[in-house]
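below: sequence and its predicted model.
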Amino acid sequence: MSQSSVIESLYQEELYQIPSRMLIILSRPWEEHTEDERTVLTKMLAAVKLSMASVQIVIHNDFTLDIIAPLAPTKVLALGAPLRSSDKVYEHLSMNGVSIIVADAIHKLDDVKKKNLWIALKQMFGI
(Lines give C-alpha, C1' and ligand atoms only; values in the text may rest on other atoms or scores of the structure.)
Protein backbone atom coordinates (compact mmCIF):
# COMPACT_ATOMS: atom_id res chain seq x y z
CA MET A 1 0.00 0.00 0.00
CA SER A 2 1.46 3.38 -1.00
CA GLN A 3 1.80 6.26 1.44
CA SER A 4 -0.84 8.34 -0.36
CA SER A 5 -3.42 5.54 -0.22
CA VAL A 6 -2.72 5.06 3.50
CA ILE A 7 -3.31 8.77 4.08
CA GLU A 8 -6.49 8.69 1.99
CA SER A 9 -7.87 5.77 3.99
CA LEU A 10 -6.96 7.35 7.33
CA TYR A 11 -8.38 10.80 6.62
CA GLN A 12 -11.69 10.22 4.89
CA GLU A 13 -13.71 12.93 6.61
CA GLU A 14 -14.21 16.27 4.96
CA LEU A 15 -11.94 19.02 6.23
CA TYR A 16 -13.35 22.34 7.28
CA GLN A 17 -11.68 25.67 6.98
CA ILE A 18 -11.49 27.44 10.32
CA PRO A 19 -13.05 30.87 9.88
CA SER A 20 -10.50 33.64 10.02
CA ARG A 21 -10.58 36.16 12.78
CA MET A 22 -11.84 39.63 12.39
CA LEU A 23 -8.89 41.95 12.04
CA ILE A 24 -8.77 45.17 14.07
CA ILE A 25 -6.24 47.70 12.82
CA LEU A 26 -5.23 50.36 15.34
CA SER A 27 -3.04 53.37 14.60
CA ARG A 28 -1.47 53.43 18.08
CA PRO A 29 0.07 50.60 20.10
CA TRP A 30 -2.32 48.80 22.45
CA GLU A 31 -0.38 49.97 25.50
CA GLU A 32 -1.11 53.63 24.62
CA HIS A 33 -4.88 53.13 24.73
CA THR A 34 -6.57 54.14 27.97
CA GLU A 35 -8.77 51.78 29.93
CA ASP A 36 -11.83 53.73 28.70
CA GLU A 37 -10.74 53.27 25.06
CA ARG A 38 -10.23 49.56 25.62
CA THR A 39 -13.69 49.36 27.18
CA VAL A 40 -15.23 51.10 24.16
CA LEU A 41 -13.63 48.54 21.83
CA THR A 42 -14.69 45.64 24.05
CA LYS A 43 -18.29 46.91 24.07
CA MET A 44 -18.28 47.38 20.28
CA LEU A 45 -17.15 43.80 19.81
CA ALA A 46 -19.67 42.47 22.34
CA ALA A 47 -22.46 44.25 20.44
CA VAL A 48 -21.64 42.11 17.38
CA LYS A 49 -21.19 38.97 19.50
CA LEU A 50 -17.38 38.97 19.44
CA SER A 51 -14.78 39.17 22.18
CA MET A 52 -11.21 40.44 22.34
CA ALA A 53 -10.08 36.81 22.21
CA SER A 54 -11.87 36.25 18.90
CA VAL A 55 -10.20 39.09 16.98
CA GLN A 56 -6.69 39.78 15.82
CA ILE A 57 -5.26 43.24 16.54
CA VAL A 58 -2.44 44.78 14.51
CA ILE A 59 -0.87 48.23 14.49
CA HIS A 60 -0.53 50.21 11.23
CA ASN A 61 -0.66 53.94 10.43
CA ASP A 62 -2.51 53.06 7.21
CA PHE A 63 -3.06 49.89 5.22
CA THR A 64 -3.72 48.22 1.90
CA LEU A 65 -5.26 44.86 1.13
CA ASP A 66 -1.79 43.62 0.20
CA ILE A 67 -0.45 44.47 3.66
CA ILE A 68 -3.18 42.50 5.44
CA ALA A 69 -3.47 39.66 2.90
CA PRO A 70 -1.10 37.32 4.80
CA LEU A 71 -3.51 37.48 7.76
CA ALA A 72 -6.39 36.36 5.49
CA PRO A 73 -9.14 38.33 7.23
CA THR A 74 -12.73 38.28 6.07
CA LYS A 75 -13.64 41.35 8.13
CA VAL A 76 -11.52 44.40 8.97
CA LEU A 77 -12.24 47.26 11.36
CA ALA A 78 -9.62 49.99 11.03
CA LEU A 79 -9.63 52.55 13.83
CA GLY A 80 -7.43 55.52 12.99
CA ALA A 81 -5.70 53.70 10.12
CA PRO A 82 -7.01 54.78 6.70
CA LEU A 83 -7.28 52.44 3.74
CA ARG A 84 -4.90 53.85 1.10
CA SER A 85 -7.21 53.05 -1.82
CA SER A 86 -10.35 54.66 -0.37
CA ASP A 87 -11.28 57.82 1.47
CA LYS A 88 -14.61 56.45 2.71
CA VAL A 89 -15.11 56.36 6.45
CA TYR A 90 -17.95 54.95 8.57
CA GLU A 91 -19.15 52.92 5.58
CA HIS A 92 -19.19 49.18 5.09
CA LEU A 93 -16.98 48.44 2.07
CA SER A 94 -16.34 45.13 0.34
CA MET A 95 -13.07 44.73 -1.55
CA ASN A 96 -11.81 41.42 -2.94
CA GLY A 97 -14.09 39.47 -0.61
CA VAL A 98 -13.00 41.40 2.50
CA SER A 99 -15.53 43.47 4.46
CA ILE A 100 -13.92 46.69 5.64
CA ILE A 101 -14.93 49.57 7.89
CA VAL A 102 -12.59 52.52 8.37
CA ALA A 103 -13.26 54.89 11.27
CA ASP A 104 -11.43 57.41 13.40
CA ALA A 105 -9.17 56.32 16.23
CA ILE A 106 -11.03 55.25 19.36
CA HIS A 107 -10.11 58.40 21.30
CA LYS A 108 -11.63 60.56 18.53
CA LEU A 109 -15.02 58.82 18.51
CA ASP A 110 -17.80 61.11 19.70
CA ASP A 111 -21.46 60.09 19.97
CA VAL A 112 -22.27 60.88 16.31
CA LYS A 113 -19.23 58.95 15.05
CA LYS A 114 -20.08 56.01 17.33
CA LYS A 115 -23.61 55.92 15.88
CA ASN A 116 -22.25 55.97 12.32
CA LEU A 117 -19.80 53.22 13.21
CA TRP A 118 -22.61 51.16 14.74
CA ILE A 119 -24.66 51.50 11.53
CA ALA A 120 -21.70 50.25 9.48
CA LEU A 121 -21.03 47.38 11.91
CA LYS A 122 -24.69 46.31 11.69
CA GLN A 123 -24.34 46.16 7.90
CA MET A 124 -21.10 44.20 8.15
CA PHE A 125 -22.56 41.62 10.54
CA GLY A 126 -26.10 41.55 9.12
CA ILE A 127 -27.71 42.69 12.35
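Received, thanks. Numbers count the residues shown, from 1 in each chain.

what's the helix or strand for Val58?
Using DSSP states H and E, Val58 maps to strand 55-59.

for whichever helix or strand comes after that strand, buried residues please.
Downstream of strand 55-59, the first helix or strand assigned by DSSP H and E is helix 65-68. Buried residues in helix 65-68, defined by neighbour count with 16 or more other C-beta atoms under 10 Å: Leu65, Ile68. Glycine gets a C-beta too; all of them are placed from N, C-alpha and C.

now helix 65-68: average pLDDT?
Averaging pLDDT along helix 65-68 gives 88.

one more: stretch 29-41?
Rounded mean pLDDT across stretch 29-41 is 91.

so for that stretch, what gets flagged as buried?
Using 16+ other C-beta under 10 Å as the test for burial, stretch 29-41 gives His33, Glu37, Val40, Leu41.

same check, this time on stretch 22-29
Result for stretch 22-29 [16+ other C-beta under 10 Å]: buried residues Met22, Leu23, Ile24, Ile25, Leu26, Ser27, Arg28.

same question for stretch 78-90.
Buried positions in stretch 78-90, judged by neighbour count with 16+ other C-beta under 10 Å: Ala78, Leu79, Gly80, Ala81, Pro82, Leu83, Val89, Tyr90.

among the buried residues of stretch 29-41, which are in helices?
Mapping those onto helices (DSSP state H) picks out Glu37, Val40, Leu41.

so what's the first one closest to, chain neighbours aside?
Which is Glu37. Distance criterion C-beta to C-beta, 6 or more residues apart in numbering; nearest residue to Glu37, sequence neighbours excluded, is Ile106 at 4.3 Å.

next, count neighbours for that neighbour.
21 (other C-beta atoms under 10 Å).

show me what contacts it?
Leu26, His33, Glu37, Val40, Leu41, Leu79, Gly80 (C-beta atoms under 8 Å, 6 or more residues apart in numbering).

the last one reaches Val102, doesn't it?
No: Gly80 is beyond contact range of Val102, at 9.1 Å (criterion: C-beta atoms under 8 Å).
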